[in-house]
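**Student:** My questions are about this predicted structure, shown below with the sequence.
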Amino acid sequence: MGKTIRETIKTITEHHLKVEKSLCFGQCLTAVGWVGGTLPELYEEDGMVEVTTADVANGGFVVGAGLQGIRPIYVVRYQGFQWYNSPMITNYASKSKEVWNRPCPIFIRSIAMEGGIGPVAGSSHHSLYQRMPGTKILSPMTPNEYKYAYDSFMTDDDVYYISEHRRSYDNTEEFEDVMYEESDVVLFPISITRFDAEEARKDLESSGLKVSIIHQLWIKPFVFKEEWKKCLNNSKFGGIVLDDDYEQGVASSIAHRMMIESNKKVYTMGLEHRTAGFYKDVDNLPPSPKEIFNKVSEMINA
Amino acid sequence: MFRTQVFKKASLVRNFEEIVFQKLKDKTISIPSYLSVGQEFISATIAQLVEDIGVEPDIFIQHRGHGTYLSFGGDVIQLIDELLGKKTGCANGMGGSASIQSIEKNIYGHDGMMGSQVPIAVGSCYATKRPTIVFMGDSSAEEDYVFSSIGWAATKNLPILFVVEDNNLSILTEKSVRRSWKIDEVAKGFGVTGVNLLDSPFDIRNYFKDVFKKPILLNINTIRKYWHAGAGIDNPEVFDRYEDEMKQIGNEAKKIHEENKKLVTELWEKQLEKQ
């Protein structure tokens, strides 16, 4: 069995600190659990830097380190904390190359989880970074994708927002796109919705439908590849972009691009436009396999 | 000698800014501009002291930064071009007055978000352990993330100098209306040496001996002559350190003043001819 994402991140971080001699900033990095087991047991003398609980200032510290070309990693344990951590990253690091010819590459590990985490911290918030020029966003859900994201960062000089998800950490498998010549529907899942989209696809295929699935690793820049466009154009009922951020964010933006460049309708599924609570009946979760199944049925019967 | 050297830098700033004032008035410069007139001796003195100890620090500038840029040796022509919005400006013609920088002189541009330069400077200093200076105004010093940055610099004992250019005003709102505390006292609470002083070169020099050995905060009281932004003056009768120093130094200062006036006038004319 191959490495899990957890082990992959751990290996990359160890390499980044020991070989690349960089720094990894974050809160409570060395606490019990080492951020879901994704960090090697290293300390400040090795480059593992515990920052204060002052989120806004911490974002600034990492920008300062990024300006010095050391390519810091910044671990933000809940993506919802980005509301406080992002201001100086988005307003300074993302603009620095363009305005001042000073690249400020930072590898932001932004960690989502789903369910039972309440109104503030849970789910993905990659839409928060999407609007700012100078930032690239990927959501790797497999070991090879994570390695690819890191390698891309190391040969680039932009800010990288890595939208992680705790539910993916045990994953050892790679995803494969399925593109039929003529499908009924095409799914374009992002982040953790990729797992449930695969489940939904199996159920839909069992009911006799032909469902293509095209996994979305790059959120920004979003490139609508010709083969994806062809697959969508040849489908009977169009596509769905699935996300675990609010539906009105990245998912809507990508669906809009797809519709402009194709002749099909593209729907979106993501978090509902309401605040999540801690308990199940008030939570706000990404689309489940059943909900995806129902949405496809709705599209076909429309 | 020290006083004259400081005056040379201050004089370059004063003469440059007086031309900018005129260019704002006649609309040659059409962007929001933040003049350092009246405050020149803070950056001029610190730049001279740093030069005297042979250190080339990383400098994090605030939006009102022409004085800092020029005092620390930023290229005059590039600043003119920047104010005129040319691509040959020190910030590609994008930064305007508020976001100037100099790669050659380790001066990092400001992004326009009040006080953001403070945590960014602290993070940079942590990463490099190089001597670092960060300039802010008395309003920026009120940003909450400035406090946590001073605190973290203290925790890590970084070689950083925090300089608060304190003109008592946030646009026109006085400090006493905004707060009941003093930033140098706050710094002391974090274990950082905090000093409240005037912008006299000798006063600043007195507190400079431990700079870069540990984090230090200097709250330097000064008087800005012109408006917060643009070309305007509220009270022409305020104390002017520049005039005072010129009197104290005498003829040599007058000569320096005239030389700098001629220099910057010619540079401005030359750059404007290329328009």
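**Tutor:** Sure, I can see it.

**Student:** part of a strand, is residue A:25?
**Tutor:** Yes. Under DSSP: H, G, I helix; E, B strand; the rest coil, residue A:25 sits within a strand.

**Student:** May I have the residues that are in contact with the residue nearest to residue B:241 when sequence neighbours are not counted?
**Tutor:** Leaving aside its sequence neighbours, residue B:241 sits nearest to residue B:41 (C-beta to C-beta, 6 or more residues apart in numbering or on different chains; 5.1 Å). Where C-beta positions appear, they are placed from N, C-alpha and C, glycine not excepted. Residue B:41 sits next to B:6, B:10, B:199, B:200, B:201, B:204, B:222, B:241, B:242, B:245 when contact means C-beta atoms under 8 Å, 6 or more residues apart in numbering or on different chains.

**Student:** at 10 Å what do you get?
**Tutor:** B:6-7, B:9-10, B:13-14, B:48, B:67, B:71, B:198-201, B:203-204, B:220, B:222, B:241-242, B:244-245 (C-beta atoms under 10 Å, 6 or more residues apart in numbering or on different chains).

**Student:** which ones among these are found in strands?
**Tutor:** Members of these lying in strands (criterion: DSSP state E): B:198, B:220.

**Student:** Mark which of the contacts of residue B:41 are buried, thanks.
**Tutor:** B:6-7, B:9-10, B:13-14, B:48, B:67, B:71, B:198-201, B:203-204, B:220, B:222, B:241-242, B:245 (16 or more other C-beta atoms under 10 Å in any protein chain shown).

**Student:** Grab the nearest non-local neighbour of residue B:102.
**Tutor:** residue B:74 (4.1 Å).

**Student:** ok, how many other residues are close to that neighbour?
**Tutor:** When neighbours are counted by other C-beta atoms under 10 Å in any protein chain shown, residue B:74 registers 22.

**Student:** re earlier: quick check, the residue nearest to residue B:241 in a strand?
**Tutor:** No. Counting by three-state DSSP, residue B:41 is not found in a strand; it is helix.

**Student:** how close does it sit to chain A?
**Tutor:** Per C-beta to the nearest C-beta, to the nearest Å, residue B:41 is found 27 Å from chain A.

**Student:** How far does stretch B:26-34 sit from its chain's centre?
**Tutor:** 19 Å (C-alpha atoms, centre = their mean, to the nearest Å).

**Student:** ok, and what's touching it?
**Tutor:** B:17, B:19-24, B:62-67, B:80, B:82-85, B:95-98, B:137, B:224, B:226-231, B:268, B:272, B:275.

**Student:** where do the helices sit along chain A?
**Tutor:** A:5-18, A:34-37, A:55-67, A:82-85, A:87-88, A:94-100, A:127-130, A:143-154, A:193-206, A:226-233, A:250-260, A:289-301 (DSSP state H).

**Student:** ugh, typo on my part, it should be chain B
**Tutor:** With DSSP H as the criterion, chain B has helices spanning B:2-25, B:40-52, B:66-71, B:76-83, B:117-128, B:144-155, B:175-178, B:183-189, B:201-206, B:241-249, B:251-273.

**Student:** Would you mind pulling up the elements that the first one packs against?
**Tutor:** To tie it back to what came earlier, the one meant is helix B:2-25. In terms of contacts (3 or more C-beta pairs under 10 Å, 6 or more residues apart in numbering or on different chains; DSSP states H and E), helix B:2-25 is packed against helix B:40-52, helix B:66-71, helix B:76-83, helix B:201-206, helix B:241-249, helix B:251-273.

**Student:** winner for burial among the ones you listed?
**Tutor:** For the helices and strands packed on helix B:2-25, average neighbour numbers computed from mean count of other C-beta atoms under 10 Å in any protein chain shown are highest in helix B:66-71, which has a mean of 28.

**Student:** Now do that one: distance to the chain's middle.
**Tutor:** With C-alpha atoms, centre = their mean, you get 6 Å for helix B:66-71.

**Student:** quick revisit: between the helices of chain A, which gets nearest to chain B?
**Tutor:** Counting by C-beta to the nearest C-beta, chain B lies closest to helix A:55-67 out of the helices of chain A; the figure is 2.6 Å.

**Student:** before we move on, the earlier item: tell me which of the helices of chain A sits most buried.
**Tutor:** The stretch of the helices of chain A with the highest mean neighbour count (mean count of other C-beta under 10 Å) is helix A:55-67, at a mean of 29.

**Student:** In contact with residue 83, which residues?
**Tutor:** Because you didn't say which chain, this covers chain A. Counting by C-beta under 10 Å, 6+ apart, residue A:83 has contacts A:55, A:56, A:120, A:121, A:125, A:128.

**Student:** actually it's chain B I care about, not the one you picked
**Tutor:** B:16, B:19-20, B:23-24, B:28-31, B:33, B:66, B:89-90, B:93, B:95-97, B:100, B:268, B:271.

**Student:** Okay, the closest residue to residue B:225 other than its chain neighbours and chain A: tell me how far apart.
**Tutor:** Counting by C-beta to C-beta, 6+ apart, residue B:225 lies nearest to residue B:38, which is 3.6 Å off, once chain neighbours are set aside. According to C-beta to the nearest C-beta, residue B:38 and chain A sit 28 Å apart.

**Student:** Need the residue closest to the centroid of chain B.
**Tutor:** By C-alpha atoms, centre = their mean, chain B has its centre lying nearest to residue B:68, at 3.6 Å.

**Student:** In contact with the residue nearest to it when sequence neighbours are not counted, which residues?
**Tutor:** Spatial nearest neighbour of residue B:68, excluding adjacent residues (C-beta to C-beta, 6+ apart): residue B:43 at 4.3 Å. Counting by C-beta under 10 Å, 6+ apart, residue B:43 touches B:6, B:9-10, B:13, B:36, B:59, B:61, B:65-72, B:133, B:135, B:163, B:165, B:199, B:220.
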